[in-house]
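In: sequence first, predicted coordinates after that:
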2 protein chains.
Amino acid sequence: MTQETPSIRIDLASPVPAYQQIVAALRALLVAGELKPGYRLPTVRQLATDLGIHHNTVAEAYRALAAEGWLDLRRRLGATVLARPAPRPGPHAKADFARNLGELVAKALADGVPPASVAAEMARLEASLSNRDPEPEGGRP
Amino acid sequence: MTQETPSIRIDLASPVPAYQQIVAALRALLVAGELKPGYRLPTVRQLATDLGIHHNTVAEAYRALAAEGWLDLRRRLGATVLARPAPRPGPHAKADFARNLGELVAKALADGVPPASVAAEMARLEASLSNRDPEPEGGRP
DNA sequence: CCGGAATGTATATTGTCTGTGGACAGTATA
DNA sequence: TATACTGTCCACAGACAATATACATTCCGG
């Protein structure tokens, strides 16, 4: 096929809903620029078969991403990645991130992950934040 | 009163369950060492009143923390913070943290939080990770 | 020693959410 | 135009969250 399917993995045993896992995983790829505007995602039935879930569950994830402005959903055309300008942050966006980050780190430490590993992972992400393309050029057809 | 109540805030409108918010918030305080062994947490009814929820919801959060080894629950005595050794990390602990961290950062960027702010918050936490007490000494009665 | 109050626990109930099944509607292609 | 493919809608079963209510246990005052 002309474009490789984005490698998504979800954990059906996890308490976090499947469609939310799909949203989080795809959004990470979108933010990272691995899914550029114009990209065509797999059909809901195709991705559902790959993940072993119902196509309606994938459809709900796609709808959530479309509501965020990432995707354009059309019948027969599938899901197309849009060029999405970064929105103005809401009043709580930064504070919410800080709180969730603190709780996530606390959870990792409580699970026994060495503090050095936690710090290293954050430092790795910081580095990748510096190398961000400020304006990704449009993909070619 | 002799010991200040830990300041916990939960968002009843959030889709994440209230008892999980309590668990995450208290665990962050426990990991940070702000709640030392011997500390007595508010009673389930007291904290429930403060948060505007049912006392059974707080009790469920306390039970979850007790199952993790953080608290000792006894009738009439309330919840007492225990000295909890860091467990050996499970096989997926580190990888799970890395994945969740990446998705959390992607969410923040998608919400419009400036990459510099995201990096700064992570750097701030890294610094606090260096200043950790390797072995907190037992509190005195 | 006893009784009441305080506190965590157990059970039942109600509403919400998640995932699925199946039918429907729209669109590109032959 | 006919057909196959694709996203959408509606209804249902099961699980989960939060509550109401009653109970069991423990401390304290007399």
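Out: That came through fine. Every value quoted in this text rests on a predicted model; they were computed, and no experiment measured them.
In: in the lengthiest helix in chain A, what's buried?
Out: Using DSSP state H, we find that the single longest helix of chain A is helix A:93-110. Within helix A:93-110, the residues that qualify as buried are A:93-94, A:96-110, counting by 16 or more other C-beta atoms under 10 Å in any protein chain shown. (Each C-beta comes from the backbone N, C-alpha and C, glycine too.)
In: repeat for stretch A:71-84
Out: A:Leu71, A:Gly78, A:Ala79, A:Thr80, A:Val81, A:Leu82.
In: isn't the second one right next to A:Arg45, touching?
Out: No: counting by C-beta atoms under 8 Å, A:Arg45 is not a contact partner of A:Gly78; they are 10.2 Å apart.
In: so, in contact with chain B or not, stretch A:75-83?
Out: No: for stretch A:75-83 and chain B, the contact criterion (C-beta under 8 Å from any C-beta of the partner chain) is not met; the two come no nearer than 12.8 Å.
In: for that stretch, measure first residue to last.
Out: 20 Å (C-alpha to C-alpha, to the nearest Å).
In: just the residues contacting it, thanks.
Out: For stretch A:75-83, the external contacting residues (C-beta atoms under 8 Å, 6 or more residues apart in numbering or on different chains) are A:30, A:35-44, A:62, A:65-66, A:69-74, A:138.
In: can you narrow those residues to ones near DNA strand C?
Out: By C-beta under 7 Å from any atom of the strand, the members of the contacts of stretch A:75-83 lying near DNA strand C are A:Arg74.
In: filter the contacts of stretch A:75-83 down to the ones in strands?
Out: Judged by DSSP state E, strands contain the following of those: A:Leu71, A:Asp72, A:Leu73, A:Arg74.
In: so who does the most centrally placed residue in chain A touch?
Out: In chain A, the centroid-proximal residue (C-alpha atoms, centre = their mean) is A:Arg27; its distance is 2.0 Å. Counting by C-beta under 8 Å, 6+ apart, A:Arg27 touches A:Leu65, A:Glu68, A:Trp70, B:Glu103, B:Ala106, B:Lys107, B:Ala110.
In: out of those residues, which are close to DNA strand D?
Out: When C-beta under 7 Å from any atom of the strand is applied, no member of the contacts of A:Arg27 is adjacent to DNA strand D.
In: how about the residues of chain A by DNA strand C?
Out: Contacts of chain A with DNA strand C, taken as C-beta under 7 Å from any atom of the strand, map to A:17-20, A:53-54, A:56-57, A:60, A:74-77.
In: one step back: what is the nearest of the contacts of A:Arg27 to DNA strand D?
Out: Closest approach to DNA strand D among the contacts of A:Arg27 (C-beta to the nearest atom of the strand): A:Leu65, at 10.5 Å.
In: how much space between the nearest residue in space to the closest one that is not next to it in sequence and B:Met122?
Out: Leaving aside its chain neighbours, A:Leu65 sits nearest to A:Leu71 (4.8 Å; criterion: C-beta to C-beta, 6 or more residues apart in numbering or on different chains). From A:Leu71 over to B:Met122 the distance is 28 Å, taken as C-beta to C-beta, to the nearest Å.
In: ok, now A:Trp70?
Out: 24 Å.
In: surely A:Ala110 touches B:Leu29?
Out: No: A:Ala110 is beyond contact range of B:Leu29, at 11.5 Å (criterion: C-beta under 8 Å).
In: mind listing which of the contacts of stretch A:75-83 are in helices?
Out: Judged by DSSP H, the subset of the contacts of stretch A:75-83 located in helices is A:Leu30, A:Val44, A:Tyr62, A:Leu65, A:Ala66.
In: tell me what the residue nearest to A:Leu65 is bridged to.
Out: Taking DSSP bridges, one obtains A:Val81 as the residues bridged to A:Leu71.
In: of the ones in strands among the contacts of stretch A:75-83, list those near DNA strand D.
Out: Okay, of the ones in strands among the contacts of stretch A:75-83 touching DNA strand D (C-beta under 7 Å from any atom of the strand), that's A:Leu73, A:Arg74.
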